[in-house]
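Peer 1: Based on what follows, work out the 3D shape:
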Amino acid sequence: MKKPILAFTALLIALTFLNSCSTVPVTGRSQLNMIPSSEMLSMSFQQYDQFLAENQASQDQANAQMVKRVGQKIQAAVEQYLQQNGYADLLEGYEWEFNLVDNEQVNAWCMPGGKVVVYTGILPITKDETGLAVVMGHEIAHAVAEHGNERMSQQLMQQAGATGLMLALSEKPAETQMIWSTVYGYGSQYAVMLPYSRTHESEADHLGLIFMSMAGYNPQEAPAFWERMSSVGGAKPPEILSTHPSDDTRISNLNKWMPEAMTYYNKSGGTSTGVNSNTSGSNNSNNSETNGKPVQIIRKK
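Peer 2: Just a heads-up that it's a prediction; the model follows:
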């Protein structure tokens, strides 16, 4: 009697995995996403509205509008890329929002469905629209790559297994909500997301670089932003960097992806306000020495 049960369980687990496998845009990595998109979006929208109701929106209209402007440009780039590459269904049900909240933390995040929050505390580090595009591109990439769904799926599998997972999703919404709260641990005063894995962070770097480039923001500015981020807080960097790649690894990866990103940037025409906001102008893509060619980035010592 046990053998048929074990065989059925094994078959069920195999089918669950096969039906739940998906591919991350840009990187092509296979991932396990077992939570229905409708569930993810429903919980995201509810949590996002609650957060905005309990946290003060910034009264700095200029910066608030900058956050919306950069967000909308990256949104358009994401939609264009996914449409052109057969991933348009990933954005089904998205209801994009871009809000700046008055909080001194050095932080920003994007929940499933395109729900973005930027904290005022990160603006001195982003400095301008291009720096902000690095951050927002990275955080939006986490949502587009469905990293939250992947983390929830992993936790559910660890706790319940395949059969328990289906039961939790269909008959125990409270358990699903509990896993959500574990992965997206947003409190009423502060939004603290449990760290992504280093794989997720590197993947968000890659996708974010492509998205900001398609939006017309110079990707050559990304290394300088991450340099500034890594120097904040001295020996204890901001929580947002807790599981990010090391500085050397990140710069090495950005070097590797930069030719690809520059191709998208040059195709965009580099006409975004974010490019023009770089007052030094030293990294403008119209420079004949770098236009369309691989760019080697040297990390400052």
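Peer 1: Wasn't Ser22 part of a strand?
Peer 2: Yes. Under the criterion used here (DSSP: H, G, I helix; E, B strand; the rest coil), Ser22 sits inside a strand.
Peer 1: thinking it is in contact with Val144, fair?
Peer 2: No. The pair formed by Ser22 and Val144 falls short of the contact definition of C-beta atoms under 8 Å, at 11.8 Å. (Each C-beta comes from the backbone N, C-alpha and C, glycine too.)
Peer 1: so where is the stretch 51-200 of the chain shaky, pLDDT-wise?
Peer 2: Low-confidence segments of the stretch 51-200 of the chain (pLDDT under 70): 157-196.
Peer 1: can you rerun that using 50?
Peer 2: Within the stretch 51-200 of the chain, the stretches with pLDDT under 50 are 162-163, 186-194.
Peer 1: any chance you could map the helices in it?
Peer 2: 61-84, 123-126, 129-144, 147-171, 173-183, 198-214 (DSSP state H, counting those that start in this stretch).
Peer 1: who's more crowded, Ser22 and Val144?
Peer 2: More neighbours surround Val144 than the other of Ser22 and Val144, with 25 against 17 (other C-beta atoms under 10 Å).
Peer 1: Give the closest residue to the more buried one in space, chain neighbours not counted.
Peer 2: Computed as C-beta to C-beta, 6 or more residues apart in numbering, the closest residue to Val144 that is not its neighbour in sequence is Val78, at 5.9 Å.
Peer 1: go on, Ser202?
Peer 2: What sits nearest to Ser202 in space, not counting adjacent residues and going by C-beta to C-beta, 6+ apart, is Pro245, at 5.5 Å.
Peer 1: For that neighbour, report the pLDDT, please.
Peer 2: Pro245 carries a pLDDT value of 70.
Peer 1: Glu227 versus the residue nearest to Val144, what's the distance?
Peer 2: Relative to Glu227, Val78 is positioned 26 Å away (C-beta to C-beta, to the nearest Å).
Peer 1: Of those two, which one has the most company?
Peer 2: Taking neighbours as other C-beta under 10 Å, Val78 and Glu227 compare with Val78 leading, 27 against 14.
Peer 1: Pull the contacting residues for that one.
Peer 2: Leu91, Ile140, Val144, Phe211 (C-beta atoms under 8 Å, 6 or more residues apart in numbering).
Peer 1: Out of those residues, which comes closest to Ser30?
Peer 2: For Ser30, the closest of the contacts of Val78 turns out to be Val144, at 15.9 Å, with distances computed as C-beta to C-beta.
Peer 1: Done for today, thanks.
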